[in-house]
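J.: This is a predicted model, with the sequence first.
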Amino acid sequence: MSTLEFNETLVRLESNLISFAKGFTRNEEDARDLTQETMLKALTYRDYYKPQTNFKAWVFTIMRNVFINQYRRNSKSKTLFDFSKDLYLLANSVANHETPNNYIYNKEINNKINALNEEYKQPFLMHYEGFKYKEISDKLDIPIGTVKSRIFIARKKLMEQLPEFESSL
């Protein structure tokens, strides 16, 4: 299949892709975004398409995989782990943070984090915010091993000071 044929076939599938995407997203704008991402992936990985196979199925599989990966990424960022006996996964929603107990717990944890020496606090907070070890190392201009060590020590100090929260740190 030539590049021109590939592109034309892909463009002809656009309305079908949008309809299929609506089944996943339940939202017109998100469906268009998912379709655009799918078409971009199809163009990027065009060399992986095997001629004489079902092109439509190949593109729809790409869409399904893109949606699953986005869903997993979003779910991970909105999930808390409860390390109690039952090991629940809790959705990280506004309702989970507005209780008086959570307010008190967050304040207590933040006070202990702020009381850490700066050399431990800064790498710990950056790691908590989602920075990778390499990014922390580059930003603070210290070796990766030092970053890992300081984060480990910060966690250990916090676990000693906050034994009731030990499993969540």
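T.: That came in fine, so what should we check first? Numbering: from 1, shown residues only.

J.: distance of the residue nearest the centre of the chain from residue 130?
T.: With distances taken as Cα atoms, centre = their mean, residue 73 lies nearest the centre of the chain, 3.4 Å away. Per Cβ to Cβ, to the nearest Å, residue 73 is found 12 Å from residue 130. To be clear about C-beta, it is placed using only N, CA and C from the backbone, and glycine gets the same treatment.

J.: chain center to stretch 147-161: distance?
T.: 24 Å (Cα atoms, centre = their mean, to the nearest Å).

J.: Extract the C-alpha set from that stretch and format it as CSV.
T.: The C-alpha coordinates for stretch 147-161 follow below in CSV (Å, rounded to 0.1, in the frame of the first residue of the first chain):
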residue,chain,number,x,y,z
VAL,A,147,18.6,11.8,45.5
LYS,A,148,17.4,8.3,46.2
SER,A,149,19.2,8.2,49.5
ARG,A,150,17.6,11.6,50.6
ILE,A,151,14.2,10.5,49.6
PHE,A,152,14.6,7.2,51.5
ILE,A,153,15.9,9.0,54.6
ALA,A,154,13.0,11.5,54.4
ARG,A,155,10.5,8.7,54.2
LYS,A,156,12.1,6.9,57.1
LYS,A,157,12.1,10.1,59.3
LEU,A,158,8.5,10.7,58.4
MET,A,159,7.5,7.1,59.3
GLU,A,160,9.2,7.5,62.7
GLN,A,161,7.4,10.8,63.4
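
J.: for it, which positions count as buried?
T.: Residues 147, 150-151, 153-155, 157-158, 161 are the ones in stretch 147-161 that count as buried (16 or more other Cβ atoms under 10 Å).

J.: just these now: which is nearest residue 139?
T.: residue 147 (9.7 Å; Cβ to Cβ).

J.: roughly how far apart are that closest one and residue 117?
T.: In terms of Cβ to Cβ, residue 147 sits 15 Å off from residue 117.

J.: same check, this time on residue 66
T.: Distance from residue 66 to residue 117, by Cβ to Cβ: 44 Å.

J.: And these two? Which one has more around it.
T.: residue 66 (20 against 11; other Cβ atoms under 10 Å).

J.: For the helix or strand containing the more buried one, buried residues please.
T.: Per DSSP states H and E: residue 66 is located in helix 55-77. Going by neighbour count (16+ other Cβ under 10 Å), the buried part of helix 55-77 is 55, 59-60, 62-63, 66-67, 70.

J.: All good on my end, thank you.
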